[in-house]
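Q: Take a look and give me a structure for this.
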Amino acid sequence: MAKLSDLYAIQPDGSRWSVPQNFDVNFNWDYDDGRAAMMGLYRKGVEMQWNAETRIDWTQELDEDNPEQLPEQMLPISGMAQYESMSRQEKATVRRHFQGWQISQFMQGEQGALICAAKIVTQVPDADSKFYASTQVIDEARHVESYKRLLEKFKVAYPMTPPLQELLDQVLRDSRWDMTYLGMQVVIEGLALAAFQQIRDHAQNPLAAAVNAYVMQDESRHVAFGRLALRDYYPTLTQKERDEREAFLLEACYLMRDRFDAVEVWKTLGLDPAKCAEHMYDSGFMLQFRSSLFTRIVPIVKDIGLWGETIRKGYEQMGILGYADTDVQALQDADDSIARDFDARRAYVEGVANRAAALQDA
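A: Next up, the predicted model:
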């Protein structure tokens, strides 16, 4: 099998990206249990570790024409004259590249989350948060592994988009521990959950759907972790400090909104990025898609207490203020339940296959 580094449609700028950092390392000599909710999340994180090698059936393959078997309307340039005039094989290439680009961003983002989680273990002052963050580190490593293995089946990969790289650069360079939480646990993880859900709920390919379902089960806990930590911390800050964080949130949300334009894909395939963008805008696809991506972010921002005039006005201009009252706990419960359903389905199918094999051998 080809190495992932051989599958990049656009060669990254070098094989590594170094981000200089300067922050305090916090040791904590108080080993009491700490906050009950946080320790409960830690226990759950320990108990729900899983092995990507065995939980996912990697013998399953992707569809040649539509790897994840997604509805045609989920391709943002579907309906564009140039796309509709393409041959079946040309359309298949567009779908494979767009879906591969999307999975590439998931994989790159999960590596960012891996590094941020390790930074949180180092930075955060309270022991119970260190405990939970340590479970997230192994979660994120497993997610990188899972998306890397899925991406190898696409036979095409893409580097990290500039908007995601810019946000990660800001988060990693900032010396304040809460900014790592805010950028990663709230914005990047929250946005990722909504993007994963699009595939989990619409992909007819069982492998693609399962990978996203299992990753989402973990990510819901990660967002809950950031929510618990920041909800306790932000009431202790001055109004000026909260205003600064609201301004950062708005900038981060704009960056992430622009992360999904897929300019790299259109250029690689010889399509005019401006015409693709015009089609996506006029069709309303990106407006609806971008808006839905914030269902997991806006209610968390409100819950942690960063809900001043700056953030409310910005979210209103973005058209996402209405998500403030979304029941996040219900979404997290559903993420866990759906992942368990995937496990039950696989166990049932394997049971039927084993019984059939036993009857044949009898």
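
Q: need the contact list for Met318.
A: Contact analysis of Met318 by CB atoms under 8 Å, 6 or more residues apart in numbering lists 253-254, 257, 291, 294. Placement of C-beta: from N, CA and C, glycine included.

Q: Quick check: which of those residues has the minimum pLDDT.
A: By pLDDT, Ser291 ranks lowest within the contacts of Met318, coming in at 72.

Q: what's downstream of the helix or strand hosting that residue, the next helix or strand?
A: Element membership of Ser291 [criterion: DSSP states H and E] is helix 285-292. Moving toward the C-terminus from helix 285-292, the next helix or strand (DSSP H and E) is helix 298-303.

Q: for that following helix, what is the average pLDDT?
A: On average, helix 298-303 scores 94.

Q: List the neighbours of it that are in contact with it.
A: For helix 298-303, using CB under 8 Å, 6+ apart, the contacting residues are 186, 190, 223, 226-227, 231, 249, 307, 311, 315, 320-321, 323-328.

Q: which of the residues you listed count as buried?
A: Neighbour counting by 16 or more other CB atoms under 10 Å classes 186, 190, 223, 226-227, 249, 307, 311, 315, 320-321, 323, 326, 328 among the contacts of helix 298-303 as buried.

Q: Let's see which of the residues you listed end up in helices.
A: 190, 223, 226-227, 249, 311, 315, 328 (DSSP state H).

Q: Okay, Met39 and Thr135: tell me how far apart.
A: Met39 sits 12 Å away from Thr135, taking CB to CB, to the nearest Å as the criterion.

Q: re earlier: report the two of the buried ones among the contacts of helix 298-303 separated the most.
A: The span of the buried ones among the contacts of helix 298-303, defined through CB to CB, is set by Gly226 and Leu321 at 20.8 Å.

Q: quick one: low-confidence ranges for the stretch 201-350 of the chain?
A: The model of the stretch 201-350 of the chain has pLDDT under 70 over residues 258, 284-286.

Q: And the strands in it?
A: Counting by DSSP state E, counting those that start in this stretch, one finds no strands in the stretch 201-350 of the chain.

Q: burial measure for Glu64, as a count.
A: 10 (other CB atoms under 10 Å).

Q: hmm, I was thinking of Ile188
A: Neighbours of Ile188 using other CB under 10 Å come to 26.

Q: now do Pro206
A: Look at Pro206: counted by other CB under 10 Å, it has 16 neighbours.

Q: Distance of the residue lying closest to it once chain neighbours are set aside relative to Thr54?
A: With sequence-adjacent residues excluded and distances taken as CB to CB, 6 or more residues apart in numbering, Pro206 is closest to Gln60, at 5.9 Å. Distance, Gln60 to Thr54, by CB to CB: 14 Å.

Q: The two: which is more packed in?
A: Taking neighbours as other CB under 10 Å, Gln60 and Thr54 compare with Gln60 leading, 12 against 8.

Q: Run through the residues that contact Gly305.
A: Counting by CB under 8 Å, 6+ apart, Gly305 makes contact with 230-231, 234-235, 242.

Q: Looking at those, which are in helices?
A: Judged by DSSP H, helices contain the following of those: 230-231, 242.

Q: Could you report the separation of the closest residue to Met38 other than its chain neighbours from Trp29?
A: Distances taken as CB to CB, 6+ apart put Asp128 closest to Met38, at 4.3 Å, once the chain neighbours are dropped. Asp128 is 14 Å from Trp29, where distance means CB to CB.

Q: the more surrounded of those two?
A: Asp128 (24 against 5).

Q: What about the closest residue in space to Leu167 that isn't next to it in sequence, how many residues nearby?
A: Nearest residue to Leu167 in three dimensions, chain neighbours excluded: Leu255, at 4.9 Å (CB to CB, 6+ apart). Residues near Leu255, counting by other CB under 10 Å, number 21.

Q: mind checking how far the residue nearest to Thr326 when sequence neighbours are not counted is from Gly112?
A: If the residues on either side of it in the chain are set aside, Thr326 comes closest to Pro299, at 4.4 Å by CB to CB, 6+ apart. Using CB to CB, one gets 23 Å for the distance from Pro299 to Gly112.

Q: same question, Ala277
A: Distance from Ala277 to Gly112, counting by CB to CB: 25 Å.

Q: still on that earlier bit, how about a markdown table for the ones in helices among the buried ones among the contacts of helix 298-303, with distance to Met74 added?
A: Listed next are these as a markdown table, based on distance: CB to CB, whole Å:
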| residue | distance to Met74 |
| --- | --- |
| Gly190 | 20 |
| Val223 | 24 |
| Gly226 | 28 |
| Arg227 | 29 |
| Leu249 | 28 |
| Ile311 | 30 |
| Tyr315 | 25 |
| Val328 | 24 |
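
Q: residues of stretch 173-191 that come out buried?
A: Residues 174, 177-191 are the ones in stretch 173-191 that count as buried (16+ other CB under 10 Å).
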